[in-house]
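A.B. asks: Let's see this in three dimensions:
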Amino acid sequence: MAALVDPMAAGPEIVDLRELSGRELDPLLLEEAVEWQRELDWDFSRSADLVHQFADLRALMGYALLDRGEVAGYGYAVIEEQKGLIGDLYVRPFWRTGNHEIRLFRSILDALTAMHTIRRVESQLMLVPPPVGKALQRERFVKVQDRKLMRLDARQNSPTTAGEAGRRFHFEGWNEQHHFMASQVIAAAYPDHVDSQINDQYRSVAGAGRFIHNIVTFPGCGRFLRQASFVAFDPATKSMAGIILASFVADDVGHITQLCVAPAMKGKGLGYELLRRSIDALRSYGARKISLTVTSANIEALRLYERCGFEEVRHFLSYVWERI
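C.D. replies: Presented below is the predicted three-dimensional model:
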């Protein structure tokens, strides 16, 4: 694909990402990894390795900012059936103006929406500042939701007191045999929830199954830790009542990737007890800090996390485009 040159825009040109090798992307990926570590306490190296490998295969759909031969920024997307996922968008600090991020976002979104099979585009870009993120809302009628990255100092503020739910429910460590029932719990809990507007995988059992598979399997979600992931059952009905999944996103940083309680079990302290057990397990495996992300409109979840000692450290936005 030829370079997309905007005659009204000064600075770097936008080129097809498939024109670049992994070696050409490496300086950018190194800077991005440093920033993920500094700003998010997140080890980006595994994701950077995958980007490098796919770039060498000329298999990354996306665009890059090229300034006199140097890669100044990039963004890529993957396609899942009728949905496009913008997996990353990053501009190196020297070139970070806001306008360059918008140009990249627009190029990727236009390429996705030009495909008539694509009905929906989703993205969550934690390193894009909110002011720039708000500007992206004007790009092709994209809807945004405000989200928070929250963090807990596991050495000082971890909840240690077991609640009544610890005696009422039966808890088991995560096992693959729990996968289908956990998918059912997620699909039942999210049909009218704000998070199902952000991630449509929450809306069906099959989609929730893919979501869990991604958490457990792919390094971009962190190194999954089954010893800190639990399911809870209601002894009276033998049905699954809630789940929590956790990973390590750096050597000493745990991350809660999913916490979900079945609708009929809400208000019984189960979310707190699942979170408490996962935090204790992550800490026992070396976590000094534990993070999670939450949608700002999810007030119930925010109150739980704050009660357990989590504090907001960063705002970011999610983006959704849907074909009308």
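A.B. asks: in which helix or strand would I find residue 124?
C.D. replies: In this assignment (DSSP states H and E), residue 124 forms part of strand 120-125.
A.B. asks: what does residue 152 give?
C.D. replies: Assigned by DSSP H and E, residue 152 belongs to strand 143-153.
A.B. asks: go on, residue 209?
C.D. replies: Assessed by DSSP H and E, residue 209 sits inside helix 205-217.
A.B. asks: So, low pLDDT: which residues of this protein?
C.D. replies: 1-10 (pLDDT under 70).
A.B. asks: State which helix of it is the longest.
C.D. replies: For the chain, the helix that runs over the most residues, judged by DSSP state H, is helix 22-40.
A.B. asks: what helices or strands is the helix or strand that that one is followed by leaning on?
C.D. replies: As assigned by DSSP H and E, the chain's next helix or strand after helix 22-40 is helix 45-56. Under the contact criterion of 3 or more C-beta pairs under 8 Å, 6 or more residues apart in numbering; DSSP states H and E, helix 45-56 touches helix 22-40. Every residue, glycine included, has its C-beta placed from N, CA and C.
A.B. asks: what sits up against the helix it packs on?
C.D. replies: By C-beta atoms under 8 Å, 6 or more residues apart in numbering, the residues outside helix 22-40 that reach it are 42-45, 48, 51-53, 55-56, 64, 70-74, 90, 92-93, 126-127, 149, 250, 291, 314.
A.B. asks: Give me the ChimeraX select line for the residues you listed, limited to the buried ones.
C.D. replies: Remark: buried members of those, expressed as a ChimeraX selection using 16 or more other C-beta atoms under 10 Å:
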select :42,43,44,48,51,52,55,64,71,72,73,74,90,92,126,127,149,250,291,314
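A.B. asks: So residue 271 sits against residue 262, correct?
C.D. replies: No: using C-beta atoms under 8 Å, residue 271 is not in contact with residue 262, being 10.7 Å away.
A.B. asks: Could you check which of the two is surrounded by more residues?
C.D. replies: Ranked by neighbour count (other C-beta atoms under 10 Å), residue 271 and residue 262 place residue 271 first, with 24 against 19.
A.B. asks: Burial check on the residue nearest to residue 319 when sequence neighbours are not counted, number of neighbours?
C.D. replies: Excluding its sequence neighbours, the residue lying closest to residue 319 (C-beta to C-beta, 6 or more residues apart in numbering) is residue 123, at 4.6 Å. For residue 123, the neighbour count with other C-beta under 10 Å is 25.
A.B. asks: same thing with residue 312?
C.D. replies: The burial count assigned to residue 312 is 14, neighbours taken as other C-beta under 10 Å.
A.B. asks: For it, pull up the helix or strand it's in.
C.D. replies: Here residue 312, judged by DSSP H and E, is contained in strand 311-322.
A.B. asks: and the angle for that strand with strand 120-125?
C.D. replies: Per axes from the mean of the first three to the mean of the last three C-alpha atoms, to 10 degrees, the angle that strand 311-322 makes with strand 120-125 is 160 degrees.
A.B. asks: If you count neighbours, what's buried in strand 311-322?
C.D. replies: Those would be 314, 316, 317, 318, 319, 320, 321, for strand 311-322 by 16+ other C-beta under 10 Å.
A.B. asks: What distance do you get for the second one to residue 296?
C.D. replies: In this structure, residue 316 and residue 296 are separated by 10 Å, where distance is defined by C-beta to C-beta, to the nearest Å.
A.B. asks: who touches both of these two?
C.D. replies: Both residue 316 and residue 296 are in contact with 147, 148, where contact means C-beta under 8 Å, 6+ apart.
A.B. asks: how about the spatially most central residue of the chain, what does it touch?
C.D. replies: The centre of the chain sits closest to residue 124, judged by C-alpha atoms, centre = their mean, with a distance of 6.3 Å. If a contact means C-beta under 8 Å, 6+ apart, then residue 124 has 147, 198, 293, 316, 317, 318, 319 as its contacts.
A.B. asks: Bridged to the last one, which residues?
C.D. replies: Pointing back at residue 319 there. Beta-bridge partners for residue 319, by DSSP bridges, are residue 123, residue 144.
A.B. asks: Contact partners for it?
C.D. replies: Residue 319 makes contacts with 86, 121, 122, 123, 124, 125, 133, 136, 137, 142, 143, 144, as judged by C-beta under 8 Å, 6+ apart.
A.B. asks: wait, doesn't the second one sit right on residue 80?
C.D. replies: The one in question is residue 121. No: applying C-beta under 8 Å, one finds residue 121 not in contact with residue 80, separated by 11.0 Å.
A.B. asks: Between those two, which has more neighbouring residues?
C.D. replies: Shown here are residue 121 and residue 80; by other C-beta under 10 Å, residue 121 has more neighbours (22 against 13).
A.B. asks: Many thanks, have a good one.
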